[in-house]
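S.K.: Just a sequence and a predicted model for now, questions to come.
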Amino acid sequence: MADLLNEIPPIPEPTAGETEEEKRFNEIAELSKNGYLLLKDNRVDEAENAFRKILDLEKDNNYALVGLGDAARKRNKFREAVDYYTNCLSFHPGNNYALFGLADCYKALNQYNKAIEIWEQYLQHDDRNITVLTRVADAYRKIRNFKQSKILYLRVLDMEENNPYALIGLGHLHYDFKEYRDALYYWQKMLAVNESSVDIRVLTSIGNCHRKLKTFEQGVYYFQRALSMDENNFYALFGLADCYRGMNQQFRSVEYWNKILDKDPNNKVILTRAGDAYRNMGDYEQSQIYYQRALDIEFDVYAVLGLALISKIQGKYAEAAKSLSRLIQSDPKNYRLYLELSECQVNLGDRQAAIATLQEFQKIGIRNPLISETLDRLKA
């Protein structure tokens, strides 16, 4: 896909004249050409020197101002680049290269509304530029404007069937809005177009759709394909572990949690997932080790919950109830904590306390069918 920021803008050729004006024109044309060639070779310092020499000759020269903006952008100095592009547009309104650069800077600064505004200006001059259309669609996706984002991605596909940026964008868009079947459609289309040279991210994205749809066995296939390309890919390892967890094959799940921990031993989320897997396998000693490793990093609700559940399984209801009561104070909207605590209270012979616990959750104003069903059963 063409990218205006990687292109050299059309620079007038030097003339054969010899007047002072023509000499200045020729010098500017030569400096512009050299500046953009240096920029293309990532010789940014030299390029900047060339562009600044142009500004000494002509303070509002559009090639120099855009060139300095592009140079600042290459250094990731986006705010500085914004100044150059804005300055150029004050002298040369509608300059495509300045508009494109300015919008891309706002995107990099996560100012998506500003980026959209500038790209929309650009599209007034060139409404069939696929590069810009996909960027605008991406920006709308970032601000969660589903309708406008989808319209623009589909417009790109009308112009260029199977455009990879539009297919990827539509996949992300539907996934972000939890429309996993639609996301899967676009990711699979992307795979079909690039089967022989598939990007690993396409495979993990398809796997994630299956994971969300709970079609875990199909997810396993794609995550395993991804691992065959990169045996240490985090998303493939996580996806496989989570799929096996969903299939209740904890012994396989823990294998992949541990592979992640081999590379990232202080990943608190993975430590608690591994702790859960060992707990579900009945290996409480190993489970406690992992939960404690997570807590040694910092407080973690799920690690404390895991330890409380082990205490509950082992019949230590008072100990579990104490931990669960503390957890409710730090996470008062987590319905599962109330259910677990009420069960401990029932086992301790205090049915009224269990009822009060569940009623306490209902006072928050969140409707939960499991809480309601359990409360009705306790009151019966």
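M.R.: In hand now; what should we look at? On a predicted model such as this, the values are computed, not experimentally measured, just so you know. Residues are numbered from 1 along each chain as shown.
S.K.: mind listing what's buried in stretch 235-244?
M.R.: For stretch 235-244, the neighbour count (16 or more other CB atoms under 10 Å) marks 235, 236, 237, 238, 239, 240, 241, 242, 243, 244 as buried. Every C-beta, even on glycine, is put in place using the N, C-alpha and C of the backbone.
S.K.: again, but for stretch 150-157
M.R.: Buried residues in stretch 150-157 (16+ other CB under 10 Å): 150, 152, 153, 155, 156, 157.
S.K.: And the strands in the stretch 151-300 of the chain?
M.R.: Assigned by DSSP state E, counting those that start in this stretch, the stretch 151-300 of the chain shows no strands.
S.K.: Quick check: residue 177 touching residue 146?
M.R.: Yes: in this structure, residue 177 is within contact of residue 146 by CB atoms under 8 Å, at 5.6 Å.
S.K.: quick one on the thing from earlier: residue 315: which of the buried residues of stretch 150-157 is nearest?
M.R.: Set against residue 315, the nearest of those by CB to CB is residue 150 (54.4 Å).
S.K.: now the helix or strand hosting that closest one: how far from the chain's centre is it?
M.R.: Per DSSP states H and E, residue 150 falls inside helix 146-159. With CA atoms, centre = their mean, to the nearest Å as the basis, helix 146-159 stands 20 Å off its chain's centre.
S.K.: same question, stretch 99-107
M.R.: Stretch 99-107 has its C-alpha centroid displaced from the chain centroid by 20 Å (CA atoms, centre = their mean).
S.K.: ok, and what's touching that stretch?
M.R.: The contact list for stretch 99-107 (CB atoms under 8 Å, 6 or more residues apart in numbering) reads 4-5, 66, 69-70, 73, 78-79, 81-82, 85-86, 89, 112, 114-116, 118-119, 121-122, 125, 132, 135, 138-139.
S.K.: Buried only: go through the residues you listed for me.
M.R.: Buried members of those, scored by 16+ other CB under 10 Å, are 4-5, 66, 69-70, 73, 78, 81-82, 85, 89, 112, 114-116, 118-119, 121-122, 132, 135, 138-139.
S.K.: that older thread, just send the buried residues of stretch 150-157 back as a markdown table, with pLDDT and distance to residue 270 too.
M.R.: Supplementary listing: the buried residues of stretch 150-157 in a markdown table, determined by pLDDT from 0 to 100; distance: CB to CB, whole Å:
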| residue | pLDDT | distance to residue 270 |
| --- | --- | --- |
| 150 | 97 | 34 |
| 152 | 97 | 37 |
| 153 | 97 | 34 |
| 155 | 97 | 41 |
| 156 | 97 | 38 |
| 157 | 97 | 38 |
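S.K.: For residue 50, state which of those residues is nearest.
M.R.: The closest of those, once distances to residue 50 are taken by CB to CB, is residue 156, at 35.7 Å.
S.K.: Now do that closest one against residue 129, distance only.
M.R.: As judged by CB to CB, to the nearest Å, residue 156 and residue 129 stand 10 Å apart.
S.K.: for residue 266, same thing?
M.R.: 46 Å.
S.K.: Which one's more surrounded, the two?
M.R.: A count of neighbours by other CB atoms under 10 Å puts residue 129 above the other of residue 266 and residue 129, at 20 against 11.
S.K.: Quick check: that one touching residue 119?
M.R.: No: contact between residue 129 and residue 119 fails when scored by CB under 8 Å: they sit 9.3 Å apart.
S.K.: List the ones among the buried ones among the contacts of stretch 99-107 that fall in helices.
M.R.: Under the assignment DSSP state H, the buried ones among the contacts of stretch 99-107 contribute 66, 69-70, 73, 78, 81-82, 85, 89, 112, 114-116, 118-119, 121-122, 132, 135, 138-139 to helices.
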